[in-house]
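Predicted structure and sequence below. I'll ask about it afterward.
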Amino acid sequence: MIIPLQFLYGDIVMGKNQNKYLEIKNVNRDIVDWLEDIVDENNCRVERKEWKSKYNSYVVYDYEPFCSEGFEINLLFSSPEISYLNFIRYLYKEKLATIDYLNSCIKNNLIKNYSL
């Protein structure tokens, strides 16, 4: 029996073997390596890493395609403790918020410099 729990920044799924799973979909290509490092540091494993076509749901690769434009990256992590997965989801959420904040700072700075 698998119990999915829906969250904004990744789904946690509890399987029958008592491992907990966190699936994060459409991960930005630039932070995949950072996310995998965080997972390794926090007693978790990368169970699945896939590239899914945005245009054809039947096209799914378990390796990075030669031309990775038009693909979303989905990652599945596992851990025996749900607290590790919650912490990874928190770090991922904070990383996205920091990137958005820095991008808005850059845009505001460009507008101010342009108006001078």
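The structure has been received and is ready for your questions.

Sort out which residues of the lengthiest helix in the chain are buried, please.
In the chain, assigned by DSSP state H, the helix with the most residues is helix 82-115. Residues 84-89, 91-92, 95 are the ones in helix 82-115 that count as buried (16 or more other Cβ atoms under 10 Å). Any C-beta I mention is one placed from the backbone N, CA and C, and that applies to glycine too.

Dump those into CSV; add pLDDT as well.
Listed next are those as CSV, based on pLDDT from 0 to 100:
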residue, pLDDT
84, 92
85, 93
86, 92
87, 94
88, 94
89, 93
91, 94
92, 94
95, 94
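
what's the spacing between residue 64 and residue 49?
Counting by Cβ to Cβ, to the nearest Å, the gap from residue 64 to residue 49 is 9 Å.

More neighbours: which of these two?
residue 49 (17 against 13; other Cβ atoms under 10 Å).

Can I get the buried residues of helix 82-115 in a markdown table including distance to residue 74?
Output for the buried residues of helix 82-115, formatted as a markdown table (distance: Cβ to Cβ, whole Å):
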| residue | distance to residue 74 |
| --- | --- |
| 84 | 19 |
| 85 | 16 |
| 86 | 19 |
| 87 | 20 |
| 88 | 15 |
| 89 | 15 |
| 91 | 18 |
| 92 | 13 |
| 95 | 17 |
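
Does the nearest residue to residue 63 once chain neighbours are set aside belong to a helix, a strand or coil?
Nearest-residue entry for residue 63: residue 51, 7.5 Å, with adjacent residues in sequence omitted and distances by Cβ to Cβ, 6 or more residues apart in numbering. Here residue 51 is recorded as strand under DSSP: H, G, I helix; E, B strand; the rest coil.

list the contacts for residue 51?
If you count contacts by Cβ atoms under 8 Å, 6 or more residues apart in numbering, residue 51 has them with 60-65, 68, 71-74.

Turn the buried ones among those into a named PyMOL selection, would you?
Command for PyMOL that selects the buried part of these, burial taken from 16+ other Cβ under 10 Å:
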select buried, resi 71+73+74
